[in-house]
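K.L.:
Got a predicted structure here, sequence first:
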Amino acid sequence: MNTILQVNDLVTKFYTVDGVINAVNGVTFELREGETLAIVGESGSGKSVTMMSILGLIPTPPGKVENGEAIFTSFGSSHDLLQLTPAELRNVRGGQIGFVFQDPISTLNPIMTIGEQISETLTRHLRISGEEARERTVKLLAQVGIPDPELRYKNYPFQFSGGMRQRVVIAIAIACTPQIIIADEPTTALDVTVQAQIVELFRNLRESLNVAIIWITHDLGVVAGLADRVLVMYGGRIAETASVDDLYERPQHPYTMGLLGALPRMDESDSKRLVSIKGTPPDLLIPLRHCPFAWRCDYAFDRCWEEVPPQIEISSHHKVSCFYDLEKGEPRDG
Amino acid sequence: MADNNLILEIRDLRKYFPIVGGLLGRQVGLVRAVDGVSFSIRRGETLGLVGESGCGKSTTGRAILLLHQPTSGEVVFEGQDLTLLPTEELRKLRVKMQMIFQDPYASLNPRHSVQKIVGEPLMINGLMKPGSPELRARVAEMLQLVGLDPFYMRRFPHEFSGGQRQRIGIARALSINPSFIICDEPISALDVSIQAQVVNLLQDLQDQLGLTYLFIAHDLSMVKHISHRIAVMYLGKIMELTDRNELFNNPLHPYTQSLISAVPFPDPKLERKRRRFILKGDPPSPANPPRGCVFHTRCPLAVEECYTIEPEFHEIQPDHYIACHLADEKGSSKIPEKTVLAAELA
């Protein structure tokens, strides 16, 4: 599969009155055509800032993308998204890259009908007539599972429930047949039964549109049933990246292992004591000089406090940023 | 009460909130937040109360402590009906019941030091004098119990992380030695790695101090982990109540089945094999609940009587309570095989 998005050594900082927040500290990853990549991390891990940096959505000031490139390949031509002008980026956002955010009520305009909002995206990017946009909007509403799309076209966001609003946001994201959909915690604000509906919708869309999805979340449960590959972030760095099966079966980073142990297993009848990760998430005001997880890691040794671990390739689809070999139970060579 | 083993018994608890509207602020409707809930909690056990947002689970918790005066029903705590007690008597009993809140940022007064926050229940109930050495010793003991350094006593809430704040909230609840604690979504505002810390702490404290919990949450997997028995709530009513493994292995209510089916397992191989039972639509408004069974608007199996007759909440098997017309007396449900559950995967 071809790489559609290649992000290299991305660094984003926020200059605040309290000091410099090192939100993203050198993130490198790739996204392939049609795959679903999950980015998992806790609050402050840099997962959302990474995506906002790529899309030019970081408020500047205080934020600044200081380094890196994001090569987006579409229809045979490649561009560095970080070098595009704001006008060029606006064509990409909502066009070739669609997105879905956590909170559908603040994503939608409360004083525009949802039909107008979807049509607006279509006419803005595809240069089609209002009549044609309207027809396609009704089809899109049906495609994301909104009953009576003709009638619902004229409704305002407040007339929709949370799950239905998120469906509208998804309709906007897929309106211009994008190559990538970035979904930032799209189900966090929803109830479990509604979350299951939205996850199912994404599964179906992935099949029918052959679109690559970046799914940003803190929930390792949803990821297991949806993603092809997973990227675990911690302290603005990538801790581990692997295929979904590898990550859950053979986690190689102590943080990933801790996260998996912290989840209660509903499918087991005796509940074991949960594994908790001691301590609290890192203070991003402190510049990164060593492994960001060293404070909380049971396996940390001298080297972890001296240098930032690079990504080490374990197999063709498994990389980990850790000096300690969990399987052998000793520090890695080299 | 005959059964000494019960610490709390709730009978037909109702809490309606008025909807006021119009120029004159007249009552135009009722939100039936809690609509006839009955259950009991045994000494030393954890009862989990799960449901989606707006189902009335938090209101139930608050109505038990009379933080919301119940519209009707009985709340029998250690043999006494709280709703009938005069204020003085109630205050004495309340010492034994405490609450841990969801949001560790909103539930601690930012202007009070940790010492004041944790010691306040003792001072309010006149058990210890402000500034006394006993009070300080007790606060230090409580902080140690929840895994915080007593040295932090003079600090203020903003100096702590979310998980540490939740520990302060737990220390406050424990300071007056309660026997029963209502945990209202105590971990949903916390990060995954911190959730496990707090859940482990709650379980350790239960073992050490013999506490009884009512654990309110929307996360079924966490509720199953911590509870002995689980009650599933929907639109102000309890749909099913039973032992946690029984609920998971033999869920009889279609709503419980769909809830279990909606919870993702952190295991990709298992997830791929699962057949899903996904509900359509959203929960109706408690201001205008459906007739008959409140779940019939989303139930894929609803039959005619579900639209008109409200199912009674009854014991279908020993210790397995349900409100559904479709579950029969033998305990097997009339629900078709194809609505398969996680348990059948193994």
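P.N.:
Structure's in. What do you need? Nothing here was measured: the structure is a model prediction, and the numbers come from that model. Numbering: from 1, shown residues only, chains lettered A, B, ... in the order given.

K.L.:
B:Leu90: what's it in contact with?
P.N.:
B:Leu66, B:Leu82 (CB atoms under 8 Å, 6 or more residues apart in numbering or on different chains). (Glycine included, C-beta is placed from N, CA and C.)

K.L.:
10 Å instead?
P.N.:
Neighbour list for B:Leu90: B:Leu66, B:Phe77, B:Gln80, B:Leu82, B:Thr83, B:Leu84 [criterion: CB atoms under 10 Å, 6 or more residues apart in numbering or on different chains].

K.L.:
okay, B:Glu312: pLDDT?
P.N.:
pLDDT, B:Glu312: 89.

K.L.:
how close does it get to B:Leu202?
P.N.:
Here B:Glu312 is placed at a distance of 34 Å from B:Leu202 (CB to CB, to the nearest Å).

K.L.:
coming back round to it: turn the contacts of B:Leu90 into CSV, including secondary structure, pLDDT and neighbour count.
P.N.:
Below are these laid out as CSV (DSSP: H, G, I helix; E, B strand; the rest coil; pLDDT from 0 to 100; neighbours: other CB atoms under 10 Å in any protein chain shown):
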residue, secondary structure, pLDDT, neighbour count
B:Leu66, coil, 89, 16
B:Phe77, strand, 91, 23
B:Gln80, strand, 88, 14
B:Leu82, helix, 90, 21
B:Thr83, helix, 89, 16
B:Leu84, helix, 90, 11
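
K.L.:
nearest spatial neighbour of whichever residue of the stretch 1-150 of chain B sits closest to chain A, skipping sequence neighbours?
P.N.:
The minimum distance from the stretch 1-150 of chain B to chain A, using CB to the nearest CB, falls at B:Glu52 (3.9 Å). Of all residues not flanking B:Glu52 in the chain, A:Asp191 sits nearest, at 3.9 Å (CB to CB, 6 or more residues apart in numbering or on different chains).

K.L.:
Redo the contacts of B:Leu90 as a markdown table? Include distance to chain A.
P.N.:
As requested, the contacts of B:Leu90 are exported to a markdown table (distance: CB to the nearest CB, whole Å):
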| residue | distance to chain A |
| --- | --- |
| B:Leu66 | 28 |
| B:Phe77 | 28 |
| B:Gln80 | 34 |
| B:Leu82 | 31 |
| B:Thr83 | 31 |
| B:Leu84 | 36 |
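
K.L.:
biggest separation within those, which pair?
P.N.:
With distances taken as CB to CB, the most widely separated pair in these is B:Leu66 and B:Gln80, at 12.4 Å.

K.L.:
on that earlier part again, which one's more surrounded, B:Glu312 and B:Leu202?
P.N.:
B:Leu202 (22 against 9; other CB atoms under 10 Å in any protein chain shown).

K.L.:
if we can go back for a sec, contacting residues around the residue of the stretch 1-150 of chain B closest to chain A?
P.N.:
Contacts of B:Glu52 by CB under 10 Å, 6+ apart are A:190-194, B:218, B:233-235, B:255, B:259, B:262, B:282-283.

K.L.:
if we take those residues, which one ends up nearest to B:Gly25?
P.N.:
B:Leu235 (26.7 Å).

K.L.:
Spell out, range by range, the helices that occur in chain A.
P.N.:
Remark: helices assigned in chain A by DSSP state H are A:47-54, A:86-92, A:104-107, A:114-126, A:130-143, A:149-152, A:162-174, A:192-209, A:220-224, A:244-249, A:254-261.

K.L.:
CA atoms of the longest one as PDB?
P.N.:
Looking back up the chat, that one is helix A:192-209. This file holds the C-alpha atoms of helix A:192-209, laid out as PDB (Å, rounded to 0.1, in the frame of the first residue of the first chain):
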ATOM      1  CA  VAL A 192     -22.100   3.700  24.900                       C
ATOM      2  CA  THR A 193     -25.000   2.500  22.800                       C
ATOM      3  CA  VAL A 194     -24.700   5.600  20.600                       C
ATOM      4  CA  GLN A 195     -20.900   5.200  20.500                       C
ATOM      5  CA  ALA A 196     -21.500   1.700  19.100                       C
ATOM      6  CA  GLN A 197     -23.700   3.100  16.400                       C
ATOM      7  CA  ILE A 198     -21.000   5.700  15.300                       C
ATOM      8  CA  VAL A 199     -18.200   3.100  15.400                       C
ATOM      9  CA  GLU A 200     -20.300   0.800  13.200                       C
ATOM     10  CA  LEU A 201     -20.900   3.700  10.800                       C
ATOM     11  CA  PHE A 202     -17.200   4.300  10.500                       C
ATOM     12  CA  ARG A 203     -16.600   0.600   9.800                       C
ATOM     13  CA  ASN A 204     -19.100   0.800   6.900                       C
ATOM     14  CA  LEU A 205     -17.800   4.000   5.500                       C
ATOM     15  CA  ARG A 206     -14.300   2.700   5.500                       C
ATOM     16  CA  GLU A 207     -15.500  -0.200   3.300                       C
ATOM     17  CA  SER A 208     -17.600   1.800   0.900                       C
ATOM     18  CA  LEU A 209     -15.300   4.800   0.500                       C
END
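
K.L.:
So stretch B:93-109, near chain A or not?
P.N.:
No - figure legend: stretch B:93-109 not in contact with chain A (CB under 10 Å from any CB of the partner chain); closest approach 12.7 Å.

K.L.:
Specify the residue ranges that define each domain of chain A.
P.N.:
A:3-96+A:179-197+A:204-268, A:107-175 (automatic domain parsing).

K.L.:
Pipe those domains into CSV and attach mean neighbour count and mean pLDDT per row.
P.N.:
Putting the domains of chain A into CSV (neighbours: other CB atoms under 10 Å in any protein chain shown; pLDDT from 0 to 100) gives the following:
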stretch, mean neighbour count, mean pLDDT
domain A:3-96+A:179-197+A:204-268, 20, 90
domain A:107-175, 18, 90
